[in-house]
Every structure is written in C-alpha cells, then in structure tokens.
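Asker: here are the coordinates; sequence isn't available:
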C-alpha cells in the first residue's frame with residue numbers, strides 16, 4: 001500500500017496533539033511568556049529564572065517557536081508572538097485557561113474512552129467527584145475556572161451589547177453568570193442599566209471582584225444561589241443564559257428556561273449564548289466543545305434545531321438568531 005505523505009503527516013499531527021497541549025501548559029506554568037516580555041530573552045537567563053536545565057529550556061522554546069508562541073529576535077534570543085502574549089499572567093489573558101485545560105481537564109480527557117462508552121464524565125473518573133463539587137471545595141480552582149471561562153469568552157462578550165441594543169435604565173439578570181464578565185461588559189456599554197448576578201456561592205468572590213473593578217457594586221445585586229431551586233429575580237428586562245445549558249440534560253434545560261419564562265413580562269427577552277454544532281462540515285470549535293462537555297460533565301452542545309425545540313417546550317418563542325464570534329450564536333426569545 002502506498003502511503004500519502006500528506007495524510008501521514010496529518011495523522012501524526014493529530015496523534016501528537018497532546019504533546020503540544022502540554023508544551024504550552026508548561027510554558028504558561030513556568031511563566032515563560034512573562035519572563036521573555038520582562039527582557040529575559042536569552043536561554044541562559046530563562047533557565048536561571050525558572051530553575052530548569054538550559055538545554056531543556058532551549059528545546060522547549062524551539063518547539064514553542066514552531067507552535068507560534070515565541071519567535072527568535074535575530075540576536076540569539078526570543079520574543080513573544082501575539083499568541084504568546086495571550087499566555088501571560090495578567091488580566092484578560094488565556095493563562096488560566098491554559099492551566100485548567102492542561103491540568104484538571106487534561107486528566108479528565110485521559111478517561112475519554114471510558115467516558116464516551118459508559119456516559120460517566122471523565123472528570124469524575126479522574127477526580128472522584130463532579131466538576132461542580134470539585135469547584136465548590138477548592139477556592140483556588142474555582143477562581144481559576146471562573147477566570148478561564150471569562151477570559152476565553154472575551155471576544156464573544158464584547159459583541160453582546162450591540163446584539164442586545166439596551167436603552168435606558170433596563171434591568172439585566174445574568175443567570176449562571178460565572179465570573180461576572182459578561183454582565184460587566186453589558187453594563188459598561190449601557191451606563192443607565194442595572195444588573196443582577198445569579199450563580200452558585202463559590203462563584204461570588206471572582207464575580208464580585210470583577211464587577212467591583214469594572215462597573216461598581218452599586219449597580220449590581222449579587223445572589224449566590226442554586227438557579228434551579230431558589231426563586232429567580234423578577235422584573236428583568238433581559239435574562240442572560242451564557243454557556244449554561246450545555247451541562248444539563250433536556251429536562252433540566254426545559255425546567256430552567258421555564259423558570260425564566262415565568263418571570264418574563266410582555267416586553268422582556270431571554271438571550272441564550274452557546275456554540276451550536278452542525279453536520280455540514282463546518283464548526284470545529286462547536287464540535288470540540290460538544291465532546292468536551294460530554295467528557296467533563298456529561299453535557300452537550302445543541303444544534304439550533306435542538307434549541308428551538310427546548311424553547312418551545314419551555315413556553316418561549318424564538319425572535320431572532322444573532323451571529324457572534326468564535327462560532328457562537330445568540331438566541332433572542334420571548335414568552336410564547
């Protein structure tokens with residue numbers, strides 16, 4: 001059999017993908033992008049700063065340069081690329097995402113076969129408990145998780161205010177608000193609006209810090225509660241559900257959407273943000289996150305038709321679909 005060299009290379013790149021993930025993870029863990037940006041440009045200085053053997057640092061940087069994280073500076077040293085800048089230890093970067101996906105989620109994916117064949121989340125197999133239980137018990141991990149999901153969504157969140165088109169002193173309720181970054185983005189774009197943040201108690205420290213620094217806590221009410229059990233805030237003009245429904249089965253999704261519908265006035269709207277996979281050969285990010293949700297939490301990404309069915313079952317009618325960055329859609333719905 002004659003082997004197609006291009007197909008062979010593509011297959012090798014697929015099976016070595018985990019090596020790339022871990023190389024980038026180590027770079028972020030060692031803060032190599034920060035050290036290079038702080039003028040530790042040559043390999044010897046980087047080795048001294050990290051305590052790693054100089055030969056090993058050189059070999060790691062050589063691979064990271066091929067991956068687009070660093071580049072040579074023409075003088076025997078290194079400099080960060082725009083990709084490398086995203087891995088620096090500073091607000092708005094993807095460093096926490098890199099650590100999360102290179103540690104907790106990486107171990108979860110080590111159980112992918114058992115997870116996919118039995119339906120047991122890989123996170124539970126790797127860590128002995130669900131993701132939510134793990135985050136509730138580990139404050140450091142919870143903070144990293146909240147920062148990660150917020151930082152990875154920045155490009156999407158920045159496009160939301162224009163899609164919502166808020167005017168005047170409207171009330172925005174963010175259900176399952178994570179680290180508060182989406183709500184902060186919306187309130188920043190609408191200075192007369194006020195917000196209500198709803199999520200589990202372990203999310204409050206990160207959300208409070210971010211909202212205090214960005215819009216001020218005088219404009220936001222923070223509620224640490226279970227969105228399925230405690231009463232949802234009434235009187236909202238917009239209810240946000242950003243990347244919340246993917247971790248739940250259809251029954252829970254219909255229940256949550258129905259609880260939101262029960263609080264809607266005639267003019268109020270629900271705004272659902274999520275990636276929605278298709279079967280037309282497009283949407284790599286949506287397909288990846290679909291399996292990621294399955295492996296980590298037993299969840300799924302749903303197609304647009306799936307969401308239409310959920311909204312209908314919950315007594316909601318889809319008004320319009322908004323295209324957002326990074327293969328994300330915004331669904332605007334009202335009480336049917």
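Answerer: Yep, it's here. None of these values were measured; they are calculated from a predicted model.
Asker: which of the three states applies to the residue most central in space within the chain?
Answerer: What sits nearest the mean C-alpha location of the chain, by CA atoms, centre = their mean, is residue 149, with 3.0 Å. Of the three states, residue 149 takes helix under DSSP: H, G, I helix; E, B strand; the rest coil.
Asker: chain neighbours aside, what residue packs nearest to it?
Answerer: residue 178 (5.3 Å; CB to CB, 6 or more residues apart in numbering). Bear in mind the C-beta positions are built from the backbone N, C-alpha and C, glycine included.
Asker: please pull out the lowest mean pLDDT helix or strand from this structure.
Answerer: Across the helices and strands of the chain, the lowest-confidence element by mean pLDDT, DSSP states H and E is helix 139-152, at a mean of 78.
Asker: against which helices or strands is it packed?
Answerer: If contacts are counted by 3 or more CB pairs under 8 Å, 6 or more residues apart in numbering; DSSP states H and E, helix 139-152 sits against helix 95-102, helix 131-137, helix 181-189, helix 204-214.
Asker: now name the helix or strand holding the residue nearest to residue 149.
Answerer: Per DSSP states H and E: residue 178 is located in neither a helix nor a strand.
Asker: re earlier: contact partners for the residue nearest to the centre of the chain?
Answerer: By CB atoms under 8 Å, 6 or more residues apart in numbering, the contact list for residue 149 reads 178, 179, 243.
Asker: how about the second one, nearest residue that isn't a chain neighbour?
Answerer: Counting by CB to CB, 6+ apart, the nearest residue to residue 179 once its immediate chain neighbours are dropped is residue 146, at 3.7 Å.
Asker: measure the one you found to residue 182 for me?
Answerer: Going from residue 146 to residue 182 by CB to CB, to the nearest Å gives 12 Å.
Asker: at which residues are the strands of the stretch 151-300 of the chain located?
Answerer: Taking DSSP state E, counting those that start in this stretch, the strands of the stretch 151-300 of the chain run over residues 171-175, 194-199, 220-224, 238-242, 269-275.
Asker: okay if I get the ones you listed as TSV plus distance to residue 63 and mean neighbour count?
Answerer: Listed next are the strands of the stretch 151-300 of the chain as TSV, based on distance: least, CB to CB, whole Å; neighbours: other CB atoms under 10 Å:
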stretch	distance to residue 63	mean neighbour count
strand 171-175	40	24
strand 194-199	39	24
strand 220-224	43	18
strand 238-242	35	25
strand 269-275	29	23
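Asker: for residue 137, which of those is the nearest?
Answerer: Nearest to residue 137 among the strands of the stretch 151-300 of the chain is strand 220-224 (15.6 Å), distances taken as CB to CB.
Asker: domain ranges for the protein, per the record?
Answerer: As recorded under automatic domain parsing, the domains making up the chain are 5-85, 151-335.
Asker: low-confidence stretches in the stretch 51-200 of the chain?
Answerer: Confidence mapping of the stretch 51-200 of the chain against pLDDT under 70 gives the ranges 150-154.
Asker: at 90 what do you get?
Answerer: Applying pLDDT under 90 to the stretch 51-200 of the chain flags residues 73-76, 90-93, 132, 135-136, 138-156, 165-169, 178-179.
Asker: swap in the stretch 201-336 of the chain?
Answerer: Across the stretch 201-336 of the chain, the ranges flagged by pLDDT under 90 are 202-203, 205-206, 210.
Asker: residue boundaries of the helices in it?
Answerer: Applying DSSP state H, counting those that start in this stretch to the stretch 201-336 of the chain gives helices spanning 204-214, 250-261, 284-297, 304-313.
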